[in-house]
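*Asks:* need a 3D model of the sequence below.
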Amino acid sequence: MRIIQYVPNELRDERVNVALVLQNPSHGYAGLRKRPYMDPLLQALWPAIDAELVRLMVQEIETLLKPLNKSTRKGPSRLLHEAFDERSLPTYLDQFNQSYGSLRVTEAKPVRVAEGESFKEKLHQLFDLYIRVDDGRQRRSNITKEVIQFQVGKELDRRGAVYTEHAVLKGEFFENKFDVARHRIEAVDSMAHIISFDLKSIDTATTQSLRLLQSVDDLLSADPQLFAKYEFGVFLQAPIHYRQHRSNYDDALRAFRKKFKIFQNLDDEPGLVSATTRFVDSLASDQGFSAVS
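*Replies:* Take a look at the predicted model:
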């Protein structure tokens, strides 16, 4: 994922996200989604600029990538000669940092795409997260895993913490994945996962919970001294907008209680910042999850 920004003044760090690009070289995919009603927004912020020119430059990049924006779903990677197209490489966008004036493309950031999920679906999901436009109707959006991950990553970066996203630990039978990890030299490493139950379908949250529980069992089978080296945490989003899933959420709490430090957000999105504070503080600290009561 890379974000295209309009940056009229780099010294003052003035910038606005105008488009988002998702690329997957192994599947030959690239797609761009731009901010709607870009002209009046830019004109209101910077009256002297040529907003139409900015929009046309973004549209040119969109046109170049459009042939690769297909409803491809994640699956087995294609052979190199089948999938290769330089437009699907993140480095392809670097040229626009030099030739497009005040347009800047951010550094590439890895994004997890679920098995069977289409890249177009992920593109729209990321667009809603990074460039979502409020239509004025005050809609109440459910809190997804991606929203929490963004908030956690932003706060860890703000604290200057060194951490790993999408960490993997090899167990007896599986490669066990965790959303975020903090490695320490003189203390145990922290491994954590994020699960949202605030979804219309409960299947995703239930599956992720079962996999996480199985991951620790698999790791413990491979190393009986596991808990002397690692501590495990889970951040759970309660089903605020889908209260019919409350019993499933309570079942997950009971299942995680024995082997995991549990962090929760029991509020709507405005409460997410304060709810993630304990989680982020413990990851950023030298003491880990034991730093919080």
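*Asks:* which residues in the protein form strands?
*Replies:* 2-9, 14-24, 29-34, 103-105, 164-170, 175-182, 189-196, 230-237, 261-265 (DSSP state E).
*Asks:* name every strand pairing with the second one and say which way it goes.
*Replies:* Read it as strand 14-24. strand 2-9 (antiparallel), strand 29-34 (antiparallel) (DSSP bridges).
*Asks:* hmm, who's touching the first one?
*Replies:* Residues external to strand 2-9 that are found in contact with it (Cβ atoms under 8 Å, 6 or more residues apart in numbering): 14-21, 23, 32, 34, 42, 46, 49, 54, 58, 61, 90, 93, 96, 102-109, 130-131. Glycine gets a C-beta too; all of them are placed from N, C-alpha and C.
*Asks:* are any of the residues you listed buried, and which?
*Replies:* In terms of neighbour count (16 or more other Cβ atoms under 10 Å), the buried residues within the contacts of strand 2-9 are 15-16, 18-21, 23, 32, 34, 42, 46, 54, 58, 61, 90, 93, 96, 102-106, 108, 130-131.
*Asks:* need the strands of the chain in CSV (columns: mean pLDDT and distance to residue 254).
*Replies:* Output for the strands of the chain, formatted as CSV (pLDDT from 0 to 100; distance: least, Cβ to Cβ, whole Å):
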stretch, mean pLDDT, distance to residue 254
strand 2-9, 88, 40
strand 14-24, 90, 38
strand 29-34, 92, 41
strand 103-105, 89, 46
strand 164-170, 92, 24
strand 175-182, 94, 21
strand 189-196, 96, 14
strand 230-237, 96, 12
strand 261-265, 95, 10
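*Asks:* what residues does stretch 11-22 touch?
*Replies:* By Cβ under 8 Å, 6+ apart, stretch 11-22 touches 1-8, 29-35, 38, 41-42, 45-46, 54, 58, 61-62, 65, 93, 103-105, 111, 119, 122-123, 126-127, 130-131.
*Asks:* one more: stretch 239-256?
*Replies:* Outside stretch 239-256, the residues within contact range by Cβ under 8 Å, 6+ apart are 140, 142-143, 195, 197-200, 202, 205-206, 209, 212-213, 234, 236, 238, 262, 266-268.
*Asks:* pull up the distance across stretch 62-70, start to finish.
*Replies:* 13 Å (Cα to Cα, to the nearest Å).
*Asks:* beta partners of residue 167?
*Replies:* In beta-bridge terms (that is, DSSP bridges), residue 167 pairs with residue 178.
*Asks:* residue 233 now?
*Replies:* Residues in beta-bridge contact with residue 233 (DSSP bridges): residue 192, residue 261.
*Asks:* what's the closest of the strands of the chain to residue 86?
*Replies:* strand 29-34 (9.7 Å; Cβ to Cβ).
*Asks:* which of the strands paired with strand 14-24 sits closest to residue 158?
*Replies:* Once these are compared by Cβ to Cβ, strand 2-9 is nearest, at 17.9 Å.
*Asks:* kindly export that closest one (C-alpha atoms) in PDB.
*Replies:* Provided in PDB are the C-alpha atoms of strand 2-9 (Å, rounded to 0.1, in the frame of the first residue of the first chain):
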ATOM      1  CA  ARG A   2       1.200   3.500  -0.800                       C
ATOM      2  CA  ILE A   3      -0.600   6.800  -0.300                       C
ATOM      3  CA  ILE A   4      -0.500   9.700  -2.800                       C
ATOM      4  CA  GLN A   5      -0.400  13.000  -1.100                       C
ATOM      5  CA  TYR A   6      -0.500  16.600  -2.200                       C
ATOM      6  CA  VAL A   7       2.300  18.500  -0.400                       C
ATOM      7  CA  PRO A   8       2.300  22.200  -1.200                       C
ATOM      8  CA  ASN A   9       4.800  23.100   1.500                       C
END
